[in-house]
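Trainee: Predicted model follows, preceded by the sequence.
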Amino acid sequence: MTTYRKAGVDIRLADRFTEFLQKKSKAIGGFAGVFPLRETGGEFSVVASTDGVGTKLKLAFLLDRHDTVGVDLVAMCVNDLLCCGAKPLFFLDYYATPKLDLRRSKKVIDGILEGCRQSGCALLGGETAELPGFYKPGEYDLAGFSVGLLRRGEEIDGRGVRPGDALVGLPSTGFHSNGYSLIRAVMKGAPLKKHARALLTPTKIYVRDIAAMRAALRRSGHDILGLSHITGSGIPGNLPRFFPKGVSAVMRKGSWKIPAVMRLVQEKGRISDSEMFDTFNMGLGMIAAVRPGALKTALRSVPGALHVGEVVRGRGEVLFS
């Protein structure tokens, strides 16, 4: 049986490192960092997030296709901003390569610009670094940084979540940009190349969907109570990040569709269900908590939105029924 740890990634160790960082700075721990602007009297805060594309880049190198990973880069950052209630303002990138290839580099930037277009933010700048001998020829690495604005009263922090609230899931477009070390360990050689195009599908950017949901909910006197971007560590690792004390979640398996490509990877690697759910988004890129009376409004506001579970009394766990 293949596991993420055997593929070289130890999620538990990463969690311990995050715990260490949280002890060093109380501001660390959410999906993004929130910094109140004293100059505005607390009316506004800036929210910042950073991320990368990870080993999904290996597929871009394999297919020599570089126009989608820039979308992934923006998505992984701006989707985190949404979980705090912020509106993305601008984006910066860091692009490192042993030798600059203009054809390839322009494709990467085209993808970043497309991600910025989808998220309604500006590409404000960045850094291009040529590092001979640091990366293999023909390869590169990407990191991104996004900043958003948060108005007082528009925070999404999970504090109001309580037992009985409904969980609304927004479908993913596939693996997004997590778990690719495990995917590559399973789909070696010809199978990887055969499915590489599907595996390169860019991460869904949820800026417009979340804006539409919040607008619809507010017109009816409600709002999103908590919001999770489902990335590394999957639903069990990300959903509890907005839980207040005393609650858990029950996710109803079968209430959403798990992408066929995920089942393919699971079968080829003989990966357990628990390992799959601890590693991948399993078909849900975002999960929002809303009041039961706001459920119908939330579902109608975003095409494809699904009722996937409920909040219950508990100790911060995610249970599957």
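Mentor: Structure's in. What do you need?
Trainee: would you say A288 is within a strand?
Mentor: Yes: under DSSP: H, G, I helix; E, B strand; the rest coil, A288 falls within a strand.
Trainee: any idea which element L170 lies in?
Mentor: Counting by DSSP states H and E, the element that carries L170 is strand 166-171.
Trainee: and that strand, which strands flank it?
Mentor: Paired strands of strand 166-171, with direction, are strand 284-290 (antiparallel), strand 306-313 (antiparallel) (DSSP bridges).
Trainee: The helix or strand just after it packs against which elements?
Mentor: Later in the chain than strand 166-171, the nearest helix or strand by DSSP H and E is helix 180-186. Counting by 3 or more CB pairs under 8 Å, 6 or more residues apart in numbering; DSSP states H and E, the packing neighbours recorded for helix 180-186 are helix 57-63, helix 190-199, helix 260-269. From N, CA and C alone the C-beta is placed, and that goes for glycine too.
Trainee: Residues in contact with the shortest one: which ones?
Mentor: Which is helix 57-63. 66, 68-69, 138-142, 180, 184, 192-193, 196-197, 199-200 (CB atoms under 8 Å, 6 or more residues apart in numbering).
Trainee: in it, what's buried?
Mentor: Buried positions in helix 57-63, judged by neighbour count with 16 or more other CB atoms under 10 Å: L57, K58, L59, A60.
Trainee: for the strands paired with strand 166-171, which one ends up most surrounded?
Mentor: Ranked by mean neighbour count, the strands paired with strand 166-171 are led by strand 284-290 with a mean of 27 (mean count of other CB atoms under 10 Å).
Trainee: and the closest residue to T97 other than its chain neighbours, what is it in contact with?
Mentor: Among residues not flanking T97 along the chain, Y140 sits closest, at 3.8 Å (CB to CB, 6 or more residues apart in numbering). The contact partners of Y140, by CB under 8 Å, 6+ apart, come to L57, Y95, A96, T97, P98, R104, V108.
Trainee: Out of those residues, which sit inside helices?
Mentor: L57, R104, V108 (DSSP state H).
Trainee: Can I get those in a markdown table including distance to T173 and pLDDT?
Mentor: Shown next, in a markdown table, are the ones in helices among the contacts of Y140 (distance: CB to CB, whole Å; pLDDT from 0 to 100):
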| residue | distance to T173 | pLDDT |
| --- | --- | --- |
| L57 | 17 | 97 |
| R104 | 23 | 96 |
| V108 | 19 | 97 |
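Trainee: so how far is stretch 82-92 from its chain's centroid?
Mentor: Offset of stretch 82-92 from its chain centre (CA atoms, centre = their mean, to the nearest Å): 13 Å.
Trainee: Any idea how far apart the tips of that stretch sit?
Mentor: 17 Å (CA to CA, to the nearest Å).
Trainee: Next, the buried residues of that stretch.
Mentor: L82, C83, C84, G85, A86, K87, P88, L89, F91, L92.
Trainee: now, among those, which is nearest to G174?
Mentor: L82 (19.2 Å; CB to CB).
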